[in-house]
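Asks: sequence? don't have it. structure:
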């Protein structure tokens, strides 16, 4: 049933798929339902439909969510805020987490926080933040943007030759967000 809803997202419309998903009131979101919701949100962000991100997350406020899923949702809400250049709303969401968590590259928030820092505090502060990433041959997907900006991976690197296409897409999406935040349209 969930796969059929995911197909509706691509064959008809994202809005129709969301409506089908939320036809029944939900108190608890199962793991497979989390994945489909994240799929919807990722599609919305690719198309810069930030209102869809907020619609989905608002509908989940009355549901019991796992802590990790809540973190993922907040990351996507922050991503939407950064796309809108709504720095204040992004800051409010960042304040839900301790600064130690925002500074750890192991968290999903690290790159997003660096984008926000660049827009608010400037290039030097963002560089200090991004420079904290450890040198590894194959970085985690959510740290690709940080590694690229610090020159640890790039078009000529061993990583780029061996990376999967979906990893390259993730890097592109992260860099697209970063340069959007910095105002660098090229």
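Replies: Okay, I see it. Quantities reported herein were computed from a predicted structural model and do not represent experimental measurements. Residues are numbered from 1 along each chain as shown.
Asks: three-state assignment of the residue of the chain most remote from its centre?
Replies: In the chain, the residue that sits farthest from the middle, by C-alpha atoms, centre = their mean, is residue 24; the gap is 26.9 Å. Classification of residue 24 by DSSP: H, G, I helix; E, B strand; the rest coil places it in coil.
Asks: Strands along the protein, start to end?
Replies: Remark: no strands are assigned in the chain by DSSP state E.
Asks: Give me the spatial nearest neighbour of the residue positioned nearest the centre of the chain, chain neighbours excluded.
Replies: Most central in the chain under C-alpha atoms, centre = their mean is residue 76, positioned 4.5 Å from the mean C-alpha point. Of all residues not flanking residue 76 in the chain, residue 41 sits nearest, at 4.8 Å (C-beta to C-beta, 6 or more residues apart in numbering). (Glycine included, C-beta is placed from N, CA and C.)
Asks: try residue 36
Replies: Spatially, and ignoring its direct neighbours in sequence, residue 36 is nearest to residue 2 (5.2 Å; C-beta to C-beta, 6+ apart).
Asks: Model confidence for that neighbour, exactly?
Replies: Per-residue confidence (pLDDT) for residue 2: 84.
Asks: Distance-wise, check residue 89 relative to residue 137.
Replies: 37 Å (C-beta to C-beta, to the nearest Å).
Asks: of the two, who's got more company?
Replies: residue 89 (16 against 10; other C-beta atoms under 10 Å).
Asks: before we move on, the earlier item: from what I can see the residue nearest to residue 36 touches residue 32, true?
Replies: Yes - counting by C-beta atoms under 8 Å, residue 32 is a contact partner of residue 2 at 5.8 Å.
Asks: Which one's more surrounded, those two?
Replies: residue 2 (14 against 11).
Asks: roughly how far apart are the more buried one and residue 10?
Replies: 14 Å.
Asks: ok, and the helix or strand in this structure with the lowest average confidence?
Replies: For the chain, using mean pLDDT, DSSP states H and E, the weakest element among its helices and strands is helix 158-162, scoring a mean of 87.
Asks: for it, packing partners?
Replies: For helix 158-162, there is no helix or strand it packs on, judged by 3 or more C-beta pairs under 8 Å, 6 or more residues apart in numbering; DSSP states H and E.
Asks: hang on, isn't the residue nearest to residue 76 packed against residue 56?
Replies: Yes - counting by C-beta under 8 Å, residue 41 does reach residue 56; the two are 5.9 Å apart.
Asks: Now do the helices in the chain.
Replies: Using DSSP state H, the helices of the chain run over 2-11, 14-21, 31-46, 50-59, 67-84, 87-94, 99-103, 109-121, 123-130, 144-149, 158-162, 165-182.
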